[in-house]
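# here is my input, please return the structure:
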Amino acid sequence: MGLQPEFQTKVCRKLQLLMSQFLSWFPEPTTDCETDAFKRKTERLVNELKRSAESAEVTLEKIETKADHVLFSSNHIHDSLSSIDIQTQELAQTSKDVEERVVNIVLEHSQTVYKQSL
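Prediction:
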């Protein structure tokens, strides 16, 4: 999993901007010793910036993975709740059907008993 191209472009632009700002803050070195020290310092700062960007990428990938897991779990919960709702509706209908059947049987039985008692 890598950075999206748009994000990479934004990161590169930001790095270029930071580097140009960084370079504008320092005067031109006048000696080889100053030049070497400036190069080492610049290289160290660029490497730190690169490590920071790589760390941010890893963190974003972890967040993306966790977000995918949360989405999957949410979908599973939604499906379970929908299933429970359907089962509840079916149970309610079955209870209503059983109640109607029992009432009809009791009514038929009562009528039979009544007729026999006459």
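# could you use CA atoms for every contact and neighbour count after this?
Noted.
# what is the burial count for T35?
13 (other CA atoms under 10 Å).
# what are the buried residues along the helix or strand bottoming out on mean pLDDT in the chain?
Within the chain, no helix or strand scores below helix 5-24, which has a mean of 72 by mean pLDDT, DSSP states H and E. For helix 5-24, a neighbour-count test (16 or more other CA atoms under 10 Å) marks L15 as buried.
# the next helix or strand after it vs helix 5-24, what angle?
The C-terminal neighbour of helix 5-24 among helices and strands, as given by DSSP states H and E, is helix 32-117. Taking axes from the mean of the first three to the mean of the last three CA atoms, to 10 degrees, helix 32-117 and helix 5-24 form an angle of 150 degrees between their directions.
# gap between helix 32-117 and the chain center?
10 Å (CA atoms, centre = their mean, to the nearest Å).
# and the gap between T88 and T94?
10 Å (CA to CA, to the nearest Å).
# go on, L118?
L118 is 36 Å from T94, by CA to CA.
# neighbour count winner among the two?
T94 (12 against 5).
# quick check, pLDDT for the more buried one.
pLDDT for T94: 96.
# show me where pLDDT drops low in the chain?
Where the chain drops to pLDDT under 70, the residues are 1-5, 7-8, 22-30.
# again, only this time at 50
The chain contains residues with pLDDT under 50 at 1.
# just give me the neighbour total for T65.
Count around T65 with other CA under 10 Å applied: 12.
# distance check, the residue nearest the centre of the chain against E90.
Compute the mean C-alpha point of the chain, and by CA atoms, centre = their mean the closest residue is A67, 2.1 Å away. Computed as CA to CA, the A67 to E90 distance reads 34 Å.
# now swap in T112 and tell me
33 Å.
# same question, T42
71 Å.
# out of the two, which sits in the busier spot?
Counted by other CA under 10 Å, T42 and E90 do not tie: T42 has more neighbours, with 15 against 12.
# how near is the more buried one to A56?
Noted for T42: a distance of 21 Å to A56, by CA to CA.
# next: R13.
16 Å.
# for L49, same thing?
According to CA to CA, L49 and A56 sit 10 Å apart.
# now swap in T9 and tell me
Distance from T9 to A56, counting by CA to CA: 15 Å.
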